[in-house]
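Peer 1: 3D model of this:
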Amino acid sequence: MQKRHIAIFLTCALWLIQASWAAAEDLTVTTVTRPPFSMVENGKDTGFSIELLDEIAKNLDWTYSINRVQNFSEMLSAVENGTSDAAIANISITAGREAVMDFTQPIFEAGLQIMTPSDPNKGSIWSIILSKDLVLAIVGAFALLLGCGMLMWRLERKHQEYFDMNAREAMFPAFWWALNLIVNGGFEERQPRTPLGRMFGVFLVISSLFFVSVFVARITAAMTVDAIQANVADINDLYGKNVGTLSGSTAGDFLDKRDIKFAGYTDITLLLEAFEIGAIDVVVFDAPILAYYVNSQKDNKARLIGQVFLAENYGIALQSNSVLSEQINQSLLELRENGTYDRVYKKWFGAR
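Peer 2: From the prediction side, this is the model:
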């Protein structure tokens, strides 16, 4: 019994020593750029998460240094392998991450949302003109008209002056003759004179009714499909769209589970640049980050679609069994009770 008391005493003493050491030392906190949670402005680290961290440090009389890395996986790896005491940004608390590190209580309630261009049809005229279906329809029409015209040249070249020329010289006149036959019913003075030519001419006039109908239908379909594909109202409309998000993110995991194909990017800046140049049409990512991006755009080129889905909480990531966890949680409760948390929140996101 005495040994048990001694073991408990030593454990508590060791915990107190570790906690005091942590409080006295300059803690290393790793982060990644994720406006408005963590970013650099005028050479200074700022953002909602960074300001909240600063308030926690003041409350606990801690000092800390920021280590800003390039991507999320690098940030979390720093905590997992013990090179960083904590990580903070917009870190979703997930079961997979909880298995290899600890988290504080939630510091932000978030979720995912969809972002599209504010005018989905803007600039689409060029995408229609250059669409594969329309190009193939136009090329096919030219080839068919040229082929029919050259066949008529072959049948009529020795029987009327209009077709009396070699094959190379006859290419455009033959094409022009076939085009006029389809559009205007042909030239009165250039009617076919040979039996085979007349039969082929009649066939072309009759089939032109179907040919024109099919050609117009293909163009109309290409324009209609392009317009329909530009519209996104909810998750179910993402199938077949050019969707983008960050690789390894909760958004990426969600899209994978729904079998929605997407382009994965390693950095939020690259993701937004791809959206701006039209490489992707839809972005699925953390709602507050997309809202910050949309509200910061002066030209209103982006808009948020639908409601926030897949609710998730952000937390501060810590090393497994970290002695910092309880202290940070107590500090967060104090900051919520004394209004400090609400003040920081309002600064970055407005009143709740």
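
Peer 1: name the SS class of the residue nearest to Asn67 when sequence neighbours are not counted, please.
Peer 2: Of all residues not flanking Asn67 in the chain, Thr30 sits nearest, at 4.7 Å (CB to CB, 6 or more residues apart in numbering). C-beta here means a position set from N, CA and C on the backbone, and glycine is covered the same way. Here Thr30 is recorded as strand under DSSP: H, G, I helix; E, B strand; the rest coil.

Peer 1: quick one: Thr30 from Asp45, how far?
Peer 2: Taking CB to CB, to the nearest Å as the measure, Thr30 falls 12 Å from Asp45.

Peer 1: can you check the pLDDT for Pro195?
Peer 2: Confidence at Pro195, expressed as pLDDT, is 82.

Peer 1: please report phi then psi for it.
Peer 2: phi -60, psi -50 (degrees, to the nearest 10).

Peer 1: quick one: contacts for it?
Peer 2: Under the criterion of CB atoms under 8 Å, 6 or more residues apart in numbering, Pro195 has no neighbours.

Peer 1: before we move on, what about Tyr293?
Peer 2: Contacts of Tyr293 by CB under 8 Å, 6+ apart are 35, 115, 272, 302.

Peer 1: what is the neighbour count of Ser49?
Peer 2: 27 (other CB atoms under 10 Å).

Peer 1: could you look up the SS state of it?
Peer 2: Ser49 ends up helix, using three-state DSSP.

Peer 1: my guess is it contacts Ala86. True?
Peer 2: No: using CB atoms under 8 Å, Ser49 makes no contact with Ala86, being 10.9 Å away.

Peer 1: so between Thr30 and Asp45, which is more surrounded?
Peer 2: Thr30 (23 against 19).

Peer 1: state the distance from the more buried one to Ile289.
Peer 2: Thr30 is 18 Å from Ile289, by CB to CB.

Peer 1: one more: Arg97?
Peer 2: For Arg97 relative to Ile289 (CB to CB), the value is 18 Å.

Peer 1: which strand is the longest one in this structure?
Peer 2: Using DSSP state E, we find that the single longest strand of the chain is strand 302-314.

Peer 1: outside of that strand, which residues touch it?
Peer 2: 37, 49, 89-94, 106-118, 232-235, 250, 254, 275, 287, 290-291, 293-294.

Peer 1: enumerate every residue touching Val32.
Peer 2: Neighbouring residues of Val32 by CB under 8 Å, 6+ apart: 38, 68-72, 74-75, 89.
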